[in-house]
Structure formats: structure tokens, C-alpha cells
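# just the structure for this:
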Amino acid sequence: ALSRATVVIGASAAMIDGRLDAGTAYIFVAPPGSAHDASAWAEAAALTGRLIVPCTRCFDADYQIKFGFSVALNEEGTVAVIGSPHAKAGATRSGAAFVWASASSVDA
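Predicted coordinates for the structure are as follows:
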């Protein structure tokens, strides 16, 4: 997903803590006015479901949750939604959506 000077890239097959297909979402940002310069982009975050929310019931140590399978950004590029189609909700694997907000989008 791309919005202004922010891009979110899902890598749902990434191995995390020895679990294949656990998944990661990478957030890259470019300084104002430099979005067209490929060398200006820098990794701002590498997220997993465990980093966004401490939801122990959402994850199994032996299950591939495919975090980052789908990604979206708001128009300003300050809020991302990351999909994990195999995350648990209670006893079932119904999937989950996780929200990440940049520090600049949170009111003090």
C-alpha cells in the first residue's frame, strides 16, 4: 500500500521465531518532497502481530498466521491496517486485522 510518502509492504511468508509464514509488515517512509527519490526511502518499522498487540490467544507457536497478507494505508499515510487471515479469535482461526499508527498521527 502506498500513500504520500509512506509505503507498507506485507511479507506474509516471512519466518518469525522459527515459524514459517508467521509474517511481517514493513513500513518505509520518505522525507517530505523526496518520495520520487528511491534512495531517500528508509525503513521506519518492521512489524509482526506480536509487536502490535500482545494478543497471546491470537497466535499458536506452530501455526502460520500469515501476518501481512493484506495491507492498507489511510490517505495521509499515518495509519496502516495489516491483515492476518489465520490469526485466532477465541478457539477458531477466523483471522484478524491489526492497526498501526505513526507517532505523528496520535494526539498527545
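
# which one is the residue positioned nearest the centre of the chain nearest to, not counting chain neighbours?
With distances taken as C-alpha atoms, centre = their mean, A25 lies nearest the centre of the chain, 3.5 Å away. Once flanking residues are discounted, A25 sits nearest to G68: 4.2 Å by C-beta to C-beta, 6 or more residues apart in numbering. To be clear about C-beta, it is placed using only N, CA and C from the backbone, and glycine gets the same treatment.

# for the one helix or strand T24 maps to, name the packing helices and strands.
In this structure, T24 is located in strand 24-29 according to DSSP states H and E. If you count contacts as 3 or more C-beta pairs under 8 Å, 6 or more residues apart in numbering; DSSP states H and E, strand 24-29 packs onto strand 6-11, strand 42-47, strand 79-84.

# include mean neighbour count, distance to G33 and mean pLDDT when you put those into a markdown table, please.
Output for these, formatted as a markdown table (neighbours: other C-beta atoms under 10 Å; distance: least, C-beta to C-beta, whole Å; pLDDT from 0 to 100):
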| stretch | mean neighbour count | distance to G33 | mean pLDDT |
| --- | --- | --- | --- |
| strand 6-11 | 20 | 14 | 94 |
| strand 42-47 | 14 | 15 | 91 |
| strand 79-84 | 22 | 22 | 92 |
